[in-house]
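**Q** with the input below, show me the fold.
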Amino acid sequence: MGNTDVRVRGLAARAGGWSARHRWAAVGIWVLFVVLAMGLGSAAGRVDVDESDQLKGETHTAARIIDDAGIKQPAGETVLIQSGDGAVKATSGEFRAAVTDVVKAVGATGKVIDVTSPYDTRTISRDGRSALVQFDMRGDADTAADRVEPVLKAVAGVQKEHGSLRIEEIGGASMKKQYDDAFGNDFQQAEYSAVPVALGILLIAFGALVAALLPVGLAITAIMATMGLMGLVSHVQPMSDTANSVMLLVGMAVGVDYCLFYLRREREERDAGRDPGTALRIAAATSGRAVIVSGVTVCVAMAGMLFTGLATFEAMGLASLMVVAVAMVGSVTVLPALLSLLGERVEKGRIPFLGRRRRRQGAPAESRFWTAVLRGVLARPLVSVVVASGALLAVAAPALGMKTQQLTLDQEFGDTLPIVQTYNRINDAFPGGSEPAQVVVRAKDINAPEVRRALADFKQQAISSGASRGPVDVNVHEAQNVALVSVPLVGGSDMDQAVKSLDRLRDEVRPATLGKVAGVEAPVTGQVAGNKDFNDQLLGSVVPVFAFVVVFAFLLMLLSFRSLTVAITSIVLNLLSVGAAYGILVAVFQHGWGASLVGAEGVGAVVTWLPLFLFVILFGLSMDYHVFVVSRIREARMRGRTTKEAIQHGVVTTAGVVTSAAVIMVAVFAIFGTLSMQSMKQMGVGLAAAVLIDATIIRGVLLPAVMALLGERNWYLPKWLHRLPDLTHDESPEPGATAPVRGEGERLSV
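**A** Residues are numbered from 1 along each chain as shown. Next up, the predicted model:
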């Protein structure tokens, strides 16, 4: 009954059919691919993004000058010695003894050079309560964090001997160590949590262990293969730890989703009375095609990151693109082979009380909840559109006042890291921040009289202009004709004020001094300068990235559904979903509204990289649900149902799989909202909120309401576009139907 052979065409159908017929070969090829990718990647090793190559602009120019000159700048460290109650001054014997002990202790580790006393360098605060012992780490600055542990222990030992004073270390190496430890622990926690969370939800969704393990297994093998490929690709496009973590996040989400779509459709067709072979062919032609369309769309969206010009974003985009492509290929090749091999055994390992009840043969897998919702939506589509879109626009409204910035250490971690408190104490005692701006001056002859005068004028005007309170130090490398000028900026940890000081230094002081000497280069770098250059470059890439993603997504929708209307509504609904996510981010993290509910706090801004990152990720991932739902609506319409009936059928029959997929995504993303770093909380909350909105309000209310209002115009394609390639698939007759309503492959007249 309902087992008539169906002619299917298209890449997904052919791939699924071949895999089902050659199942052991398909499984073997996949395993071989994963093993080879991992082996070759491990043998090749991974090349990571070099800090000097991460940015363009002045920061990059300064790094290039230093590299060309062969100047190796060590990682600087500072030990703060401070009287907690103010009773002990730097002039006292006890304070001097503590300084002496610190100098001896850090020097005895053998890990440091150029240890200086505050009594020699005059790094004593104006109130006399604080002093700084400064030194550099031996060896390469990039790996100093790996060698700083003995120094930290030595300083901690001195602290125990001088309980009346506060003795704490901070610097490039110690900050990087604590940051990497916190960052690594956070992501390790997220990665370890993601798999059991996804598996638990799938167990509830399928009620059988084997069926639940398939999507997780596919996602994990896709991630493993991609990790190997990242090693190979990194020799052309360097990768990073951040790219690795984002790849894991995206890989788990799409790998599980794609397998879920395919597996649910195959199950549904068997429940409807089809034999296993026919059910698998239909799943390949329908859900398999939806997986390919969705996967290509997500890949295109991820490719948008390549237009930023930022090495870290390029690495994230390429890594995400690869894992989506691998998961997509696995879903339409090895998955049909496994389903063919397993047959009814896919139901093995039934979970008590969760085992699904077999439906009446031929009955569609419809959701009662969404059936009730759809009844109201389709009865009053205009009201539904106004209410739903009005609510989303209200949620998105705060995004109009979005402020982005790189988060300072205290904003990023709050008081969770001890070094944050040290950072704040140094900023309070020595305004200007723990890391000054650095001007890298290169001249034909650094000792030329006009260059020397310009350097002296720069020192004087940097302070008189109000950009710095000093001291401004000049370190001349005569052999390389390079001078490194250290300028503590007014503003310290107040990023807005520090940026103003940087602008004054770049736009006023430098042109009036060093800029007047012919042949002199003087780019300004440092933490504040790097953050500003990053922000400027990121903002400059917003328009091309947005344009690329939107235009290509539109074209893919147009080709996949052969409907101008569907393509336009797809873009509009996705933009509305992203806008709502932006509004939630601003409300929670910029204004602090309800921040405590997610264990966060209002930090006054959204981290700079997040809006563009979220746009690319969300625009791609939201297409998963959109393609799946609209494909089912179109399929029902092609079978001869009215548009309203097709909408009803398409939404309620996909509601179960969309809900399961969304719950998994929300749960995985929400894990990142529990991490200690504010930027990770922002990413997790933004992604989880957007997916939740997308799977409910957008797909369950707005999409069907808009399509109901448009009616037959949903399938409008101008005659001059009929020559476009046809990427649609043939629709199968419904179970029990004696003949299809339309001829096989016939196109709608509208």
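**Q** any weak-confidence spans in the stretch 451-600 of the chain?
**A** Along the stretch 451-600 of the chain, segments meeting pLDDT under 70 span 492-494.
**Q** which residues in it form helices?
**A** Listed in chain order, the helices of the stretch 451-600 of the chain (DSSP state H, counting those that start in this stretch) span 495-504, 510-512, 527-561, 564-585.
**Q** out of those, nearest to A337?
**A** With Cβ to Cβ, the closest approach to A337 among the helices of the stretch 451-600 of the chain belongs to helix 527-561: 25.1 Å. For every residue, glycine as well, the C-beta is placed using N, CA and C.
**Q** number of residues surrounding G343?
**A** Close neighbours of G343, defined as other Cβ atoms under 10 Å, add up to 12.
**Q** which residues does it contact?
**A** P276 (Cβ atoms under 8 Å, 6 or more residues apart in numbering).
**Q** same thing with R634?
**A** Residues in contact with R634 (Cβ under 8 Å, 6+ apart) are F561, V566, A646, G650, W715, T728.
**Q** again with D68
**A** So D68 contacts nothing (Cβ under 8 Å, 6+ apart).
**Q** and it, what element?
**A** Secondary structure assignment for D68, by DSSP states H and E: helix 57-69.
**Q** now swap in R166 and tell me
**A** Per DSSP H and E: strand 165-171 holds R166.
**Q** and for Y423?
**A** Using DSSP H and E, the element containing Y423 is helix 418-429.
**Q** could you do R96 as well?
**A** helix 93-108.
**Q** quick one: average pLDDT of that helix?
**A** Averaged over helix 93-108, pLDDT sits at 93.
**Q** before we move on, back to that, which one (most neighbours) among the contacts of R634?
**A** When neighbours are taken as other Cβ under 10 Å, the top entry among the contacts of R634 is G650 (25 neighbours).
**Q** hang on, the earlier thing: could you check the angle helix 418-429 makes with the strand holding R166?
**A** Counting by axes from the mean of the first three to the mean of the last three Cα atoms, to 10 degrees, strand 165-171 points 100 degrees away from the direction of helix 418-429.
**Q** so which of the helices of the stretch 451-600 of the chain comes closest to L11?
**A** Distance to L11, taken as Cβ to Cβ, is lowest for helix 527-561 among the helices of the stretch 451-600 of the chain, at 12.0 Å.
**Q** mind giving me the packing neighbours of the closest one?
**A** helix 57-69, helix 287-303, strand 404-405, helix 495-504, helix 564-585, helix 610-638 (3 or more Cβ pairs under 8 Å, 6 or more residues apart in numbering; DSSP states H and E).
**Q** got the contact list for the nearest residue to N531 once chain neighbours are set aside?
**A** Distances taken as Cβ to Cβ, 6 or more residues apart in numbering place Q406 nearest to N531, at 4.0 Å, with adjacent residues excluded. Applying Cβ under 8 Å, 6+ apart to Q406 gives the contacts M495, N531, F534, N535, V607, T608.
**Q** for Q406, give its distance to L392.
**A** 29 Å (Cβ to Cβ, to the nearest Å).
**Q** in the helix holding D68, what's buried?
**A** By neighbour count on 16 or more other Cβ atoms under 10 Å, the buried set for helix 57-69 is G57, E58, T59, H60, T61, A62, A63, I65, I66, A69.
**Q** got the contact list for the nearest residue to the first one once chain neighbours are set aside?
**A** This points to G57. Closest residue in space to G57, ignoring its immediate chain neighbours: D533 at 4.4 Å, by Cβ to Cβ, 6+ apart. Residues in contact with D533, defined by Cβ under 8 Å, 6+ apart, are L55, K56, G57, E58, T59, H60.
**Q** same question, K719
**A** Applying Cβ under 8 Å, 6+ apart, we find K719 in contact with no residue.
**Q** wait, K403 sits on H591?
**A** No - applying Cβ atoms under 8 Å, one finds K403 not in contact with H591, separated by 10.1 Å.
**Q** and for these two, which residues touch both?
**A** With contacts taken as Cβ under 8 Å, 6+ apart, K403 and H591 have no neighbour in common.
**Q** tell me if V440 really is in a strand.
**A** Yes - the assignment for V440, made by DSSP: H, G, I helix; E, B strand; the rest coil, places it in a strand.
**Q** pLDDT score assigned to it?
**A** V440 is given a pLDDT of 93.
**Q** how many neighbours does it have?
**A** 23.
**Q** so where's this protein uncertain?
**A** Judged by pLDDT under 70, the stretches of the chain that qualify are 1-10, 51-55, 182-191, 353-367, 415-416, 431-435, 492-494, 726-750.
**Q** ranges for the strands of it?
**A** In the chain, the strands defined using DSSP state E lie at 76-83, 112-116, 130-137, 165-171, 404-405, 437-442, 473-477, 482-487, 524-525, 606-607.
**Q** paired strands for the second one, with orientation please.
**A** If you go by DSSP bridges, strand 112-116 pairs up with strand 130-137 (antiparallel).
**Q** and the partner strand, how far from the chain's centre?
**A** 36 Å (Cα atoms, centre = their mean, to the nearest Å).
**Q** what's the burial count for the closest residue in space to R506 that isn't next to it in sequence?
**A** With sequence-adjacent residues excluded and distances taken as Cβ to Cβ, 6+ apart, R506 is closest to V524, at 5.4 Å. Neighbours of V524 under the rule other Cβ under 10 Å: 25.
**Q** quick one: contacts for V524?
**A** E58, A62, A437, Q438, V439, V440, L502, L505, R506, R510.
**Q** which single one of the residues you listed is nearest to V657?
**A** Each of the contacts of V524 was scored against V657 by Cβ to Cβ, and E58 proved nearest at 50.6 Å.
**Q** wait, isn't that closest one in contact with G526?
**A** No - contact criterion Cβ under 8 Å: E58 and G526 do not qualify, at 10.0 Å.
**Q** distance check, the residue nearest to G57 against N475.
**A** Taking Cβ to Cβ, one finds D533 at 23 Å from N475.
**Q** and G650, what does it touch?
**A** V629, V630, R632, I633, R634, E635, A636.
**Q** returning to what we had before: got the angle between the helix holding Y423 and strand 76-83?
**A** Counting by the same axes, to 10 degrees, helix 418-429 points 70 degrees away from the direction of strand 76-83.
**Q** wait, isn't V324 in contact with A301?
**A** No - with contact defined as Cβ under 8 Å, V324 does not count as touching A301 (9.1 Å).
**Q** any shared contact partners between those two?
**A** G620.
**Q** can you tell me which of the helices of the stretch 451-600 of the chain is most buried?
**A** Ranked by mean neighbour count, these are led by helix 564-585 with a mean of 22 (mean count of other Cβ atoms under 10 Å).
**Q** kindly export that helix (C-alpha atoms) in PDB.
**A** Only the C-alpha atoms of helix 564-585 are listed here, as PDB (Å, rounded to 0.1, in the frame of the first residue of the first chain):
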ATOM      1  CA  LEU A 564      10.800  35.200  -6.400                       C
ATOM      2  CA  THR A 565       8.400  35.600  -3.500                       C
ATOM      3  CA  VAL A 566       9.800  32.800  -1.400                       C
ATOM      4  CA  ALA A 567      13.400  34.200  -1.900                       C
ATOM      5  CA  ILE A 568      12.400  37.700  -0.800                       C
ATOM      6  CA  THR A 569      10.300  36.500   2.200                       C
ATOM      7  CA  SER A 570      13.200  34.200   3.300                       C
ATOM      8  CA  ILE A 571      15.600  37.100   3.500                       C
ATOM      9  CA  VAL A 572      13.200  39.500   5.200                       C
ATOM     10  CA  LEU A 573      12.200  36.900   7.900                       C
ATOM     11  CA  ASN A 574      15.900  36.000   8.500                       C
ATOM     12  CA  LEU A 575      16.800  39.700   8.900                       C
ATOM     13  CA  LEU A 576      13.900  40.100  11.400                       C
ATOM     14  CA  SER A 577      15.200  37.100  13.400                       C
ATOM     15  CA  VAL A 578      18.800  38.500  13.500                       C
ATOM     16  CA  GLY A 579      17.400  42.000  14.500                       C
ATOM     17  CA  ALA A 580      15.500  40.500  17.400                       C
ATOM     18  CA  ALA A 581      18.700  38.800  18.600                       C
ATOM     19  CA  TYR A 582      20.600  42.000  18.400                       C
ATOM     20  CA  GLY A 583      17.900  43.700  20.500                       C
ATOM     21  CA  ILE A 584      18.100  41.100  23.200                       C
ATOM     22  CA  LEU A 585      21.900  41.400  23.300                       C
END
